[in-house]
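whatever this is, show me its structure:
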Amino acid sequence: MSQPTRRLALIFNPASGQLSNRRAAAVREAADVFRAAGFDAKLLETDGPGSAGEIARRCAEDGFDTVVACGGDGTVHEIAQSLVGTQVALGVIPLGTANVLAVNLGLPRSPAKAARVLAEAWPVRIPVGRIHYLNTRGEPASSYFLVAAGIGADALMMASLDPWLKRRIGYLLYVIEGFRVWATSRFPLFEVDLDTREDTPERVEVSELLAVRIPTFGGALGRLVPGANLLSPRMHLVGFGTRSRFEYLGFVTAAVVGRHNFRHAIRLHEAHAVECRPHPGHKETIYVEADGELLGTLPARMEVVLDALTVLVPYGATL
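Sure thing, here's the model as predicted:
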């Protein structure tokens, strides 16, 4: 008896990036690769902000086996919101400014080559992070994350990114805005309660908290957080217990050359969940981001959701 044809959707933004025509052609080539491998592959174009997630939700309802996010970590983040809790597998074809999840999965940058790898990949069930926060309207909201979530300085940088410039100069804009935030931010402190399953939570004060779900960021930062991985049931966090821009600079410089440590003010934490709230002595807005997408502001809670999402993992990838 023949096996049923696997239904696969490739979701992409035809107007995104510097080379939109070439991107669209590359996605069509990837779809042909999937069809040659026996998939019933369908191309689905987004038509505005938020539409990728809505398309993914409809795909899950319509019985697709796999949804492939063709884009960067922001596209993956949006689509994953609709697939968590379903049995639909998530695949990734890296076409964005940042492709951190794809780097950790060992996927080639060529869409056709990535499609060939994904056609033979294994479906693996993974935990995901979840962050609760106040959205831009001041309402309670939540979002899942696969790569990392940040509160403080890195989220402030995301808040200042110009989407038009991001599409045109790409990663360089992160460097420029990162330097501007470093030079101008007051790095306000906020309170964090770490749930380590001990009798009482551990309380710390930080100006930046980064929860990481992947082994490496690739590029300059590389393996920033020891122990972080896509299969971990715990939160792996870096807390910057300092307002000194020179301590920030020293840590980032050491991370770039692979010599960073977690002594003194900048510490590594593990916890099952964390609660974050503004420090009573400061009135500055403290932003929240996940997978490079600005979400809102404090107060916030982060946790790990087990058995949450199926991801296509290439053979030999180290999660």
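
number of residues surrounding residue 139?
Neighbouring residues of residue 139 were enumerated by other CB atoms under 10 Å; the total is 9. Bear in mind the C-beta positions are built from the backbone N, C-alpha and C, glycine included.

which residue ranges of the chain form helices?
Under the criterion DSSP state H, helices of the chain are mapped to 20-36, 51-61, 73-83, 100-105, 111-119, 153-160, 163-169, 171-184, 245-256.

confirm for me that residue 123 is in contact with residue 311.
Yes. Counting by CB atoms under 8 Å, residue 311 is a contact partner of residue 123 at 7.4 Å.

the more surrounded of these two?
Higher neighbour count among residue 123 and residue 311: residue 311, with 25 against 15, using other CB under 10 Å.

and the closest residue to that one other than its chain neighbours, what are its bridge partners?
Once flanking residues are discounted, residue 311 sits nearest to residue 90: 5.2 Å by CB to CB, 6 or more residues apart in numbering. Per DSSP bridges, the residues bridged to residue 90 are residue 67, residue 311.

wait, which of the helices of the chain is closest to residue 307?
helix 73-83 (13.2 Å; CB to CB).

can you check what angle separates the closest one from helix 51-61?
30 degrees (axes from the mean of the first three to the mean of the last three CA atoms, to 10 degrees).

run through who's touching helix 73-83.
For helix 73-83, contacts defined as CB atoms under 8 Å, 6 or more residues apart in numbering pick out 11-13, 50, 52-54, 56-57, 60, 67, 69, 90, 92, 95-96, 98-101, 128, 143-147, 290-293, 309-310.

again, but for stretch 150-167
With CB under 8 Å, 6+ apart as the test, stretch 150-167 has contacts from 16-18, 97, 173-174, 177-178, 180-182, 185, 187, 190, 206-211, 240, 248, 276, 286-290, 292-295, 298, 300.

hang on, the earlier thing: overlap in contacts, residue 123 and residue 311.
residue 89.

what about residue 318, how many neighbours?
11.

that one and residue 223 touch, don't they?
No. Here residue 318 lies out of contact with residue 223, judged by CB under 8 Å, at a distance of 11.3 Å.

what do the two both touch?
Common contacts of residue 318 and residue 223, defined by CB under 8 Å, 6+ apart, comprise residue 215.

low-confidence stretches in the stretch 51-200 of the chain?
Filtered on pLDDT under 70, the stretch 51-200 of the chain yields no residues whatsoever.

try 80 this time
Residue ranges of the stretch 51-200 of the chain with pLDDT under 80: 97-98, 162-172, 198-200.

circling back: any of the contacts of helix 73-83 buried? List them.
Buried residues within these, counting neighbours by 16 or more other CB atoms under 10 Å: 11-13, 52-54, 56-57, 60, 67, 69, 90, 92, 95-96, 98-101, 128, 143-147, 290-293, 309-310.

hang on, the earlier thing: could you dump the helices of the chain into TSV with distance to residue 234 added?
Output for the helices of the chain, formatted as TSV (distance: least, CB to CB, whole Å):
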stretch	distance to residue 234
helix 20-36	35
helix 51-61	27
helix 73-83	20
helix 100-105	18
helix 111-119	28
helix 153-160	21
helix 163-169	32
helix 171-184	28
helix 245-256	22
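
can you tell me which of those is nearest to residue 7?
In terms of CB to CB, the element of those nearest to residue 7 is helix 51-61, at 8.4 Å.

and the pLDDT at residue 17?
You'll see residue 17 listed with a pLDDT of 48.

I should have written residue 1 there, sorry.
Residue 1 is assigned a predicted lDDT (pLDDT) of 39.

repeat for the one 4 residues further on
Reported pLDDT at residue 5 in the predicted model: 77.

with residue 24 instead?
86.

which non-adjacent residue is nearest it?
The shortest distance from residue 24 to any non-neighbouring residue, by CB to CB, 6+ apart, is to residue 14 (5.0 Å).
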